[in-house]
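1. sequence-free structure coming up:
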């Protein structure tokens, strides 16, 4: 598992598995799920992180 934060894009990606992404589906607005060919969740991307959290800054969270 791995967490990547991109302060410039105001986004975060939580990688659950290193498997190749076959499809991406919106779980809810601004939250995207990546799935492998078998339909297993590979990762989750969260957009507009600064609006969804009370952390002081995305850089400090990283």
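-> Good, I have the coordinates. The shown structure was predicted, so the numbers you read here are calculated from the model rather than taken from an experiment.

2. which residues make contact with stretch 12-24 from outside it?
-> For stretch 12-24, contacts defined as C-beta atoms under 8 Å, 6 or more residues apart in numbering pick out 1-6, 32-37, 40-46, 49, 58, 61. Quick note: C-beta positions are derived from backbone N, CA and C, even for glycine.

3. Then stretch 40-47?
-> Under C-beta under 8 Å, 6+ apart, the answer for stretch 40-47 is 9-17, 19-21, 27, 30-36, 52.

4. what helix or strand is the residue positioned nearest the centre of the chain on?
-> The residue lying closest to the centre of the chain (C-alpha atoms, centre = their mean) is residue 45, at 1.9 Å. According to DSSP states H and E, residue 45 maps onto strand 41-47.

5. picking that back up, can you flag the buried ones in the contacts of stretch 40-47?
-> 11, 12, 13, 15, 19, 32, 33, 34, 35 (16 or more other C-beta atoms under 10 Å).
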